[in-house]
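**Student:** task: produce atomic coordinates for the following.
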Amino acid sequence: MAGSGVMDVSDATFDQEVLQSAQPVLVDFWAGWCGPCKAIAPSVEAVALAYAGKLKVAKVNVDQNGAAPSRFGIRGIPALLFFKGGKVADQIVGFVPQDVIEEKVQRLLA
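**Tutor:** Numbering: from 1, shown residues only. The predicted model follows:
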């Protein structure tokens with residue numbers, strides 16, 4: 001686990017954990033050297049806890065996993081992709097406040 005309620009997902013487990021998930025999934029594409037990624041991590045973890053049971057939250061380290069980020073055209077990080085029914089429903093690129101993430105989650109779950 002990457003943090004409370006957040007799972008680490010790799011290229012090998014991406015399809016199973018994200019695309020085939022019965023629940024909507026928020027995927028955080030990040031890297032250890034990325035300052036804004038570290039800044040947004042507590043918000044991502046808070047969202048994971050707040051929506052536990054309704055939303056799956058996953059992190060993909062782009063330095064260790066190249067296939068998933070390139071498949072979804074990730075060019076800047078942090079990038080948050082919101083998946084519903086195996087498709088990208090929304091996305092956020094760059095640091096944003098937690099309430100912006102929660103607004104997107106609420107739309108995803110609506």
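
**Student:** who's in contact with residue 103?
**Tutor:** For residue 103, the set of contacting residues under the criterion of C-beta atoms under 8 Å, 6 or more residues apart in numbering is empty. Every C-beta, even on glycine, is put in place using the N, C-alpha and C of the backbone.

**Student:** that one belongs to a strand?
**Tutor:** No. When the secondary structure is assigned by DSSP: H, G, I helix; E, B strand; the rest coil, residue 103 falls in helix instead of a strand.

**Student:** would you mind measuring from it to residue 82?
**Tutor:** With the distance defined as C-beta to C-beta, to the nearest Å, residue 103 ends up 11 Å from residue 82.

**Student:** try residue 53
**Tutor:** Remark: distance between residue 53 and residue 82 (C-beta to C-beta) = 17 Å.

**Student:** higher neighbour count, the two?
**Tutor:** Set side by side, residue 53 and residue 82 show more neighbours around residue 82, with 21 against 7, by other C-beta atoms under 10 Å.

**Student:** any figure for the gap between that one and residue 32?
**Tutor:** 23 Å.

**Student:** now the most centrally placed residue in the chain: phi and psi?
**Tutor:** Ranked by distance to the mean C-alpha position of the chain (C-alpha atoms, centre = their mean), the top residue is residue 27 at 1.6 Å. Main-chain torsions, residue 27, degrees, to the nearest 10: phi -110, psi 130.

**Student:** looks like it contacts residue 62 (just checking).
**Tutor:** No. Residue 27 lies out of contact with residue 62 (C-beta atoms under 8 Å); the separation is 11.1 Å.

**Student:** low-confidence ranges, this structure, go.
**Tutor:** In the predicted model, the chain carries pLDDT under 70 at residues 1-3.
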